[in-house]
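[1] When you get a sec, could you give me coordinates for this:
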Amino acid sequence: MTTKLTKTLVESITPSDEPGKRLLVWDASVPGFGLVVLPTGVRSFIYQYRNREGRTRRYTIGRLSDALTCEQARKIAREKAVEVHNGVDPMGVKSARRTALTVNELLNLYLESSAFAQKAASTKAIDRGRIQRHVRPLLGGQHADQLTADTIRRAQSAIAEGQTAGTVKTTARGVARVTGGRGTADKAVLALRAAYSWAVAEGILKENPAASVKVAQPGQRDTILHGTGAYASLFRTLATMENEHRIRPAAADAIRFIALTGARRGEVANLGWDHVDFRSGQIAIPPTAHKTGSRTGKPRIISLPAEAQAIIARQNAGDTTGYVFKAAKGAGPLSLAKPWVQVHAEAGLPAGLGLHGLRHSLASHLAMAGASACELMEVLGHRQMSTTQRYIHFAEKSRSTLAERGAAMALAGMAEARDEPKADVVPMTSAR
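    A predicted model of the protein is given here:
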């Protein structure tokens, strides 16, 4: 049956009385546009055409509803007719969309890739957590090639606002508290960006929608431990808490070790006895176990001052297998997050000083003492000069401030000679 499909006609057609028989009515104005009426009374619009291979294909536009009227369906049919004229197969596109790679599937491929396998063990564990607990719940079901930067920004905001926060089970007895926050949101975007970068490099996808999403860049970290007094407060607090059994010796020693060597928290928490060489006074972390190892292919060598060697030596209780700084329970690495919060508060350390700030403090004091950029790269295990350069800038800023303080007395005399109002002169001290 062919006729002009109108709202009145479409709504007036009654289903067939024959069981299982569908009625098909073609529109006279747009070839291929039609209406299917099921025995149940459901009415759906279709568009029928021949593809380039000459096969007859039937594209379902959708059911008649308030959201899809007869005129709207006719307009879509015309658009599909244009696509067919231009060589596009609407059903082929629709089928491809149904089988298109989802973000979850992309992430699965990335986590199984050799590129991800080359990351340090600690980095892999953290990235898996961010992907599983933040990225997948918000974006996993979407098609990877249709994800937009704006959608990722909305997910970033959701993570920052704590929408993915909760408590998740990690082992038979263990749980992890997922808190979200701005830092976690940015790191989740970076994990997603890495997955897309890999997919683009492999030819799986054409674009990386996460590339243009802004994340907070690690700036010039000015919060450090200034002078011996701040360090004394840290070490005194560690000793007190350890003596009062409010912190485990392994955790206290791990924090001391970071302060003395500038090692990364993950490098210390995952430090194995097979990495330690007492004869050379060094630890050698293999490429697979430190942050830049996958890129450099070289071990991370950390030379140990005598006190740091003593710290490692006293961890040996007859068992020189596994981790140097052992966790209280289980076979996993030591966690320092909670102990550090307690130590930080009790020692009265600067508000913006995280555990990584101990590494930054050591690097900053080295720079202020005149260490070259190459020497800092060696000590810190940096791969790029730009990463180390921030410490040089910090030292230059400190020297500039020191010059102003040093000239303060002379400037006061100069002002007096000019009969200018006297300014307060702050005497110099050896440490802040």
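[2] So what's the residue count around residue 136?
    Residue 136 has 16 neighbours, counted by other CB atoms under 10 Å. The way it works is simple: take the backbone N, C-alpha and C, and place the C-beta from them, glycine included.
[3] what does the helix or strand harbouring it rub up against?
    Secondary structure from DSSP states H and E places residue 136 in helix 136-139. With CB atoms under 8 Å, 6 or more residues apart in numbering as the contact definition, helix 136-139 has outside contacts at 103, 104, 107, 147, 151, 152, 155, 158, 159, 163, 164, 192.
[4] do the same with stretch 74-85
    5, 27, 29-33, 45, 47, 49-51, 59, 61, 90.
[5] center of this structure, which residue is that?
    residue 187 (2.3 Å; CA atoms, centre = their mean).
[6] Is that residue in contact with residue 133, as I believe?
    No: at 11.5 Å, residue 187 does not count as touching residue 133 under the criterion of CB atoms under 8 Å.
[7] model confidence over stretch 309-317, on average?
    Averaging pLDDT along stretch 309-317 yields 86.
[8] What pLDDT does the model give the closest residue to residue 365 other than its chain neighbours?
    Closest residue to residue 365 apart from its sequence neighbours, by CB to CB, 6 or more residues apart in numbering: residue 224 at 7.6 Å. Residue 224 is assigned 79 on the pLDDT scale.
[9] repeat for residue 20
    At residue 20, pLDDT is 76.
[10] Check which helix or strand it maps to.
    Going by DSSP H and E, residue 20 is not part of any helix or strand.
[11] Could you check how many residues crowd around it?
    Residue 20 - counted by other CB under 10 Å - has 7 other residues nearby.
[12] thought it was touching residue 39?
    Yes: using CB under 8 Å, residue 20 is in contact with residue 39, at 6.3 Å.
[13] ranges for the strands of the stretch 51-200 of the chain?
    Secondary structure of the stretch 51-200 of the chain by DSSP state E, counting those that start in this stretch: the strands cover 56-63, 166-169, 175-178.
[14] List the pairing partners of the first one within its sheet, with orientation.
    For strand 56-63, the pairing partners within the sheet under DSSP bridges are strand 43-50 (antiparallel).
[15] Other residues contacting the strand it pairs with?
    10, 13, 32-38, 56-64, 68, 70, 73, 76-77, 80-81, 84, 90.
[16] Please identify the helix or strand for residue 238.
    Residue-wise, residue 238 maps onto helix 227-243 under DSSP H and E.
[17] Next: residue 307.
    helix 306-313.
[18] that older thread, what residues sit buried inside the helix holding residue 136?
    136, 138, 139 (16 or more other CB atoms under 10 Å).
[19] how about those residues in CSV, adding distance to residue 123?
    Below are the buried residues of helix 136-139 laid out as CSV (distance: CB to CB, whole Å):
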residue, distance to residue 123
136, 18
138, 22
139, 21
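[20] Can you tell me which of those lies closest to residue 281?
    residue 136 (44.8 Å; CB to CB).
[21] Quick check: that closest one vs residue 347, distance?
    To residue 347, residue 136 is 39 Å away according to CB to CB, to the nearest Å.
[22] Same question for residue 202.
    48 Å.
[23] what do you get for residue 323?
    Distance from residue 323 to residue 347, by CB to CB: 25 Å.
[24] pLDDT weak spots in the stretch 101-250 of the chain?
    167-177, 217-222 (pLDDT under 70).
[25] Kindly recompute the last result at 50.
    Along the stretch 101-250 of the chain, segments meeting pLDDT under 50 span 219-220.
[26] how about the helices in it?
    103-111, 114-117, 121-130, 136-139, 149-160, 182-201, 227-243, 249-261 (DSSP state H, counting those that start in this stretch).
[27] Tell me the gap between the fourth one and the middle of its chain.
    Just to be clear, that refers to helix 136-139. With CA atoms, centre = their mean, to the nearest Å as the basis, helix 136-139 stands 13 Å off its chain's centre.
[28] How about the second one?
    Between the mean C-alpha location of helix 114-117 and the chain-wide mean there is a distance of 16 Å, by CA atoms, centre = their mean.
[29] Show me what counts as buried in that helix.
    Buried, per 16+ other CB under 10 Å, within helix 114-117: residue 116.
[30] now for it, which elements pack on it?
    helix 121-130 (3 or more CB pairs under 8 Å, 6 or more residues apart in numbering; DSSP states H and E).
[31] can you check the longest one too?
    Under the contact criterion of 3+ CB pairs under 8 Å, 6+ apart, helix 182-201 touches helix 103-111, helix 121-130, helix 149-160.
[32] and for the first one, what are the contacting residues?
    In other words, helix 103-111. With CB under 8 Å, 6+ apart, helix 103-111 has contacts from 116, 128, 131, 135-136, 139-144, 147, 194-196, 198-199, 204-205.
[33] Could you tell me which residues make contact with the closest residue to residue 42 other than its chain neighbours?
    Distance criterion CB to CB, 6+ apart; nearest residue to residue 42, sequence neighbours excluded, is residue 63 at 6.4 Å. Neighbouring residues of residue 63 by CB under 8 Å, 6+ apart: 42, 43, 44, 45.
[34] Doesn't residue 283 lie inside a helix?
    No: looking at residue 283 with DSSP: H, G, I helix; E, B strand; the rest coil, it is strand, so not inside a helix.
[35] That one: neighbour count?
    Residue 283 has 28 nearby residues by other CB under 10 Å.
[36] So what pairs up with it in the strands?
    Going by DSSP bridges, residue 283 forms beta bridges with residue 276, residue 302.
[37] how much space between it and residue 100?
    47 Å.
[38] Would you confirm that residue 340 contacts residue 356?
    No: using CB under 8 Å, residue 340 makes no contact with residue 356, being 9.9 Å away.
[39] ok, those two, which is more surrounded?
    Neighbour count, other CB under 10 Å: between residue 340 and residue 356, residue 340 has more, with 23 against 15.
[40] Identify the residue spatially nearest to the more buried one, adjacent ones excluded.
    residue 355 (4.6 Å).
[41] now residue 285
    residue 300 (4.2 Å).
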